[in-house]
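Colleague: Build me a model from this:
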Amino acid sequence: MSEVTASMAGSVWKINVLEGDQVTSGQDIVILESMKMEIPLPAESDGTLKELKVKEGDFVNEGDTIAIIE
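Modeller: Just a heads-up that it's a prediction; the model follows:
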């Protein structure tokens, strides 16, 4: 099991996958918006997206868990 965490504080701009989707290592799970920049957050391993802990528009802090992949 692996977690996708926020690399910096920002707003969830776009979610690219849904719970239950198969994901591959390097695939962008969500895109954050911070200081008018788009920051993609990729999966670190192949697997199934077990849980998505955010929705579009949510604010996250650096280190917050975004998604769980198993």
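Colleague: so residue 67 touches residue 47, yeah?
Modeller: No - if you go by CB atoms under 8 Å, residue 67 and residue 47 don't touch, sitting 10.4 Å apart. For every residue, glycine as well, the C-beta is placed using N, CA and C.
Colleague: ok, which stretches of this structure are strands?
Modeller: 2-5, 10-15, 22-23, 28-34, 37-42, 47-52, 59-60, 65-69 (DSSP state E).
Colleague: ok, now how distant is the residue nearest to residue 66 when sequence neighbours are not counted from residue 59?
Modeller: Distances taken as CB to CB, 6 or more residues apart in numbering put residue 4 closest to residue 66, at 4.6 Å, once the chain neighbours are dropped. As judged by CB to CB, to the nearest Å, residue 4 and residue 59 stand 16 Å apart.
Colleague: Could you do residue 53 as well?
Modeller: Distance, residue 53 to residue 59, by CB to CB: 13 Å.
Colleague: So what touches stretch 62-70?
Modeller: 1-9, 12, 17, 23, 29-30, 41, 43-45, 47-54, 60 (CB atoms under 8 Å, 6 or more residues apart in numbering).
Colleague: nope, stretch 35-45 is what I was after
Modeller: 2, 4-8, 10, 13, 23-33, 66-67, 69.
Colleague: Mind listing what's buried along the helix or strand of the chain with the lowest mean pLDDT?
Modeller: When the helices and strands of the chain are compared on mean pLDDT, DSSP states H and E, strand 2-5 comes out lowest with a mean of 94. Within strand 2-5, the residues that qualify as buried by neighbour count (16 or more other CB atoms under 10 Å) are residue 4.
Colleague: What is that strand packed up against?
Modeller: strand 37-42, strand 65-69 (3 or more CB pairs under 8 Å, 6 or more residues apart in numbering; DSSP states H and E).
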